[in-house]
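**Student:** Have a look at this prediction, sequence included:
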Amino acid sequence: MTDIPRRTAARTAKLASLPLGVAGRAAAGWGKRLVGGDGDEISAQLMAKSAEQLFAVLGELKGGAMKFGQALSVFEAAIPDEYAAPFRESLVKLQSAAPPMPAADVHRMLSEQFGRGWRERFREFDETPAAAASIGQVHRAVWRDGRDVAVKVQYPGAEEALRSDLRQLSRMSRLMQPLVPGLEIKPLIAELRERMEEELDYRDEAAHQRTFAAAYEGDDKIKVPRVVASAPRAMVTEWVTGNRLSDVIRGGDQAERDRAAALLAEFHYSAPARVGLLHADPHPGNFQVLDDGRLMVIDYGAVARLPEGLPRPLSVMVRLALEDKPAELLALLRDHGFVRPDSPLGAAEAVAYLAPFAEPLHTDTFHFDRRWLQRQAERVGDLRSPDFRTGRELNLPPQYLLVHRVTMGTLGVLCQLDADVPLRGIVRYWQPWIFDAEDESAGRHL
């Protein structure tokens, strides 16, 4: 591969092979059943082959296709176990692996971004990429002052590929749905399209990362690598490495998983107050646990700007759900545009819908696992459920969309970790007004 495959027709054909491949394998499976094959074994084989194809196609295409796969990996915990198991490994691979681009393309990009004398900036430069992601890959190097650094280089054609992939995925969202039972694909693709522009210019990412690094400098829980140099399509940061969060999910013992989950929750809830920004790409490939116990966080291409911290109406909504105050909760929802203007939604229905999401804050420690998240997905996604009908009456104002998606994505990773998390104490520290009666009135009348 000399770059991301650019031609729209070629990329569309590859993406179309995913739903078509599923359909073809399903037809073959029915044929085997008709001649007496074991149904469970055939289904397992079909799902495993679909998973292999998912990784092969999305990983090869990179761009928006791979970014879509990474986003799916966050919500994997919500997919029922009978569907998710074959896909789990394939989705995890998409978090940190993709076919590399040739060295000649890397050299050309670095020359364009840092000038023809780019090699003079480095004492050493490893030609073999250490990691690959959706729109760029990372090389290990030694900076001219002797520091170990990570050099992130954007793939040629990344912008065109992102636009093409997400446009085609949106068109095919209905056909893609069988690949991930239990998840709504179309809204996820729409949100990815909205924030893709800011991820293409690494100068923006570098600015975000510098802000995070300054806020967490010297922190005993969170590590953000410093930025060394940046350009529109390349950036250099400190090289820091630890145990990947995906490895902790797969093989960590209970104590390791609990520790990692608490750190992830701490980062998510502390960043808006400390930085005025929210890291908006919470898939496990962006986190590592260092030897000193801190959580290292990378990839700041997508952020939510929250200069006033997490929006107070969201916090007060959680508080009213915790306190089981239906009338006040419904009034808040209507005042801030969370309920459609002509909706007949009742107070009891609103609190019944939202209360389970506040469940982790009722006790000092809550156990997050896949089954809890699956119950929430089933509850709000089952057409026969009262909560599904309630959900149709609710509306998520645009200013809260990204915060909501990132919070749900973080909860999804906590469930993958299958961990006991002291979430109530973490949230109480960073959002005390959820639990402090003195702030209740002021919060609701923002």
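**Tutor:** Thanks, I have it. Numbers count the residues shown, from 1 in each chain.
**Student:** Buried ones in stretch 402-416, by neighbour count?
**Tutor:** 402-403, 405-416 (16 or more other CB atoms under 10 Å). Bear in mind the C-beta positions are built from the backbone N, C-alpha and C, glycine included.
**Student:** Report the rounded mean pLDDT for it.
**Tutor:** Per-region confidence: stretch 402-416 scores 88 on mean pLDDT.
**Student:** would you list every one of the strands in the chain?
**Tutor:** Per DSSP state E, the chain carries strands over the ranges 122-125, 131-132, 136-143, 148-154, 222-223, 227-231, 234-238, 243-244, 277-279, 287-289, 295-297, 303-305, 366-368, 419-421.
**Student:** correct me, but Asp387 touches Leu354?
**Tutor:** No - between Asp387 and Leu354 there is no contact under CB atoms under 8 Å: 9.6 Å.
**Student:** Give me the more crowded residue out of the two.
**Tutor:** Leu354 (21 against 18; other CB atoms under 10 Å).
**Student:** got a list of what that one touches?
**Tutor:** 317, 321, 329 (CB atoms under 8 Å, 6 or more residues apart in numbering).
**Student:** who's in contact with Trp430?
**Tutor:** Contacts of Trp430 (CB under 8 Å, 6+ apart): 269-270, 272-273, 310.
**Student:** Inside helices: which ones of those residues?
**Tutor:** 269-270, 272-273 (DSSP state H).
**Student:** Filter those residues down to the buried ones and hand me the PyMOL line.
**Tutor:** Per 16+ other CB under 10 Å, the buried members of the ones in helices among the contacts of Trp430 correspond to this PyMOL selection:
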select buried, resi 269+270+272
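**Student:** Identify, from the ones in helices among the contacts of Trp430, the entry nearest to His362.
**Tutor:** Nearest to His362 among the ones in helices among the contacts of Trp430: Tyr269, at 16.7 Å, using CB to CB.
**Student:** and the gap between that closest one and Lys221?
**Tutor:** 12 Å (CB to CB, to the nearest Å).
**Student:** And Thr390, by the same measure?
**Tutor:** 37 Å.
**Student:** Of those two, which one has the most company?
**Tutor:** A side-by-side neighbour count of Thr390 and Lys221, using other CB under 10 Å, places Thr390 first with 21 against 13.
**Student:** residue contacts, the more buried one?
**Tutor:** Thr390 touches 345, 349-350, 352-353, counting by CB under 8 Å, 6+ apart.
**Student:** ok, back up a step: as CSV, the contacts of Leu354 with pLDDT and distance to Phe122 would be great.
**Tutor:** As requested, the contacts of Leu354 are exported to CSV (pLDDT from 0 to 100; distance: CB to CB, whole Å):
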residue, pLDDT, distance to Phe122
Met317, 91, 50
Ala321, 91, 53
Leu329, 93, 57
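**Student:** can you count the residues close to the residue nearest to Lys325 when sequence neighbours are not counted?
**Tutor:** Leaving aside its sequence neighbours, Lys325 sits nearest to Val351 (CB to CB, 6 or more residues apart in numbering; 7.6 Å). Using other CB under 10 Å, Val351 has 21 neighbouring residues.
**Student:** Just to check, Val351 is in contact with Ala321?
**Tutor:** Yes - contact criterion CB under 8 Å: Val351 and Ala321 qualify, at 6.1 Å.
**Student:** So for these two, which residues contact both of them?
**Tutor:** Leu329.
**Student:** Below-threshold pLDDT in this protein: ranges please.
**Tutor:** Low-confidence segments of the chain, defined by pLDDT under 70: 1-99, 133-134, 160-197, 437-446.
**Student:** For Phe366, give the beta-bridge partners.
**Tutor:** With DSSP bridges applied, Phe366 shows beta-bridge pairing to Val421.
**Student:** Next, count neighbours for it.
**Tutor:** 17.
**Student:** in the stretch 101-250 of the chain, which spans are helices?
**Tutor:** 103-114, 158-171, 173-176, 185-200, 202-215, 245-251 (DSSP state H, counting those that start in this stretch).
**Student:** Tell me who's in contact with the closest residue to Gly146 other than its chain neighbours.
**Tutor:** Leaving aside its sequence neighbours, Gly146 sits nearest to Arg123 (CB to CB, 6+ apart; 6.9 Å). Arg123 is in contact with 141-144, 146, counting by CB under 8 Å, 6+ apart.
**Student:** for Asn243, which residues make a bridge with it?
**Tutor:** Val289.
**Student:** so it makes contact with Val289?
**Tutor:** Yes - counting by CB under 8 Å, Asn243 touches Val289, with 4.7 Å between them.
**Student:** out of those two, which sits in the more crowded spot?
**Tutor:** Val289 (22 against 17).
**Student:** Distance of the closest residue to Arg340 other than its chain neighbours relative to Val106?
**Tutor:** Closest residue to Arg340 apart from its sequence neighbours, by CB to CB, 6+ apart: Asn395 at 5.3 Å. Distance, Asn395 to Val106, by CB to CB: 46 Å.
**Student:** more neighbours, these two?
**Tutor:** Val106 (21 against 13).
**Student:** list the contacts for that one?
**Tutor:** When contacts are counted by CB under 8 Å, 6+ apart, Val106 touches 127, 129, 137, 139, 153.
**Student:** One more pass at 10 Å, please.
**Tutor:** 100, 125, 127, 129, 137, 139, 151, 153, 155-156, 234 (CB atoms under 10 Å, 6 or more residues apart in numbering).
**Student:** residues near His124, how many?
**Tutor:** Small correction: residue 124 is Glu, not His. 11.
**Student:** separation between the closest residue to it other than its chain neighbours and Val149?
**Tutor:** Leaving aside its sequence neighbours, Glu124 sits nearest to Val142 (CB to CB, 6+ apart; 4.1 Å). Distance, Val142 to Val149, by CB to CB: 7 Å.
**Student:** The two: which is more packed in?
**Tutor:** Val149 (28 against 15).
**Student:** Who is the more buried one paired with across the strands?
**Tutor:** Applying DSSP bridges, one finds that Val149 bridges with Ala141, Glu238.
**Student:** same thing with the one 4 residues further on?
**Tutor:** Partner residues in beta bridges with Val153, using DSSP bridges, are Gln137, Ala234.
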